[in-house]
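Enquirer: What follows is a predicted protein model with its sequence.
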Amino acid sequence: MGKIAPNRIRRRFNTSVPHQKIATDTTEFKYYEVDSKGKMTIRKLYLDPFMDMWNREILSYGISKFPSATNIMKALDEKLQL
């Protein structure tokens, strides 16, 4: 089981300062894939967006076939290079 991070934001999502509060969450999407024989298979994709709480803008995101810290860190690195 993972470690629970301290609740530092305490549901205070609004801010008047850009890049002061940036949030992320992993969302799982299911979709169907049909092969050449007509067999339907359920697949999953994972979306990891980084949103600035100042204006609700998505600053960067990652999409992968598996949930992973690597994908999240890659999206964060893209944001930090802006």
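Expert: Noted; the coordinates are in hand.
Enquirer: going forward, measure contacts and count neighbours with C-alpha atoms only.
Expert: OK.
Enquirer: In the lengthiest strand in the chain, which residues are buried?
Expert: Counting by DSSP state E, the longest strand found in the chain is strand 40-52. Residues of strand 40-52 classed as buried under the neighbour-count rule (16 or more other C-alpha atoms under 10 Å) are Y46, L47, D48, P49, F50, M51, D52.
Enquirer: Could you export it as CSV, CA atoms only?
Expert: Taking only C-alpha atoms (Å, rounded to 0.1, in the frame of the first residue of the first chain), the coordinates of strand 40-52 have been written out as CSV:
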residue,chain,number,x,y,z
MET,A,40,-13.5,-7.3,-29.7
THR,A,41,-11.0,-6.6,-26.9
ILE,A,42,-11.3,-4.0,-24.1
ARG,A,43,-8.2,-1.9,-23.9
LYS,A,44,-7.2,0.9,-21.4
LEU,A,45,-5.4,4.2,-21.6
TYR,A,46,-4.3,6.4,-18.8
LEU,A,47,-4.3,10.2,-18.9
ASP,A,48,-2.1,12.2,-16.5
PRO,A,49,-2.8,16.0,-16.9
PHE,A,50,-1.1,18.8,-15.0
MET,A,51,-3.6,21.7,-14.4
ASP,A,52,-2.8,25.2,-13.1
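Enquirer: which residues touch it?
Expert: Counting by C-alpha atoms under 8 Å, 6 or more residues apart in numbering, strand 40-52 makes contact with 18-34, 57-67, 71-72, 75-76, 79, all of which sit outside it.
Enquirer: Can you go through those residues and name the buried ones?
Expert: In terms of neighbour count (16+ other C-alpha under 10 Å), the buried residues within these are 21-22, 24, 26, 59-63, 67, 71-72, 75-76.
Enquirer: in the sheet, who's paired with the residue nearest the centre of the chain?
Expert: For the chain, the residue sitting closest to the mean C-alpha position, by C-alpha atoms, centre = their mean, is D48 at 1.5 Å. On DSSP bridges, the residues paired with D48 through beta bridges are G62.
Enquirer: before we move on, what about D52?
Expert: According to DSSP bridges, the residues that bridge with D52 are I22, E57.
Enquirer: Would you state the predicted confidence (pLDDT) at it?
Expert: If you check D52, the pLDDT there is 95.
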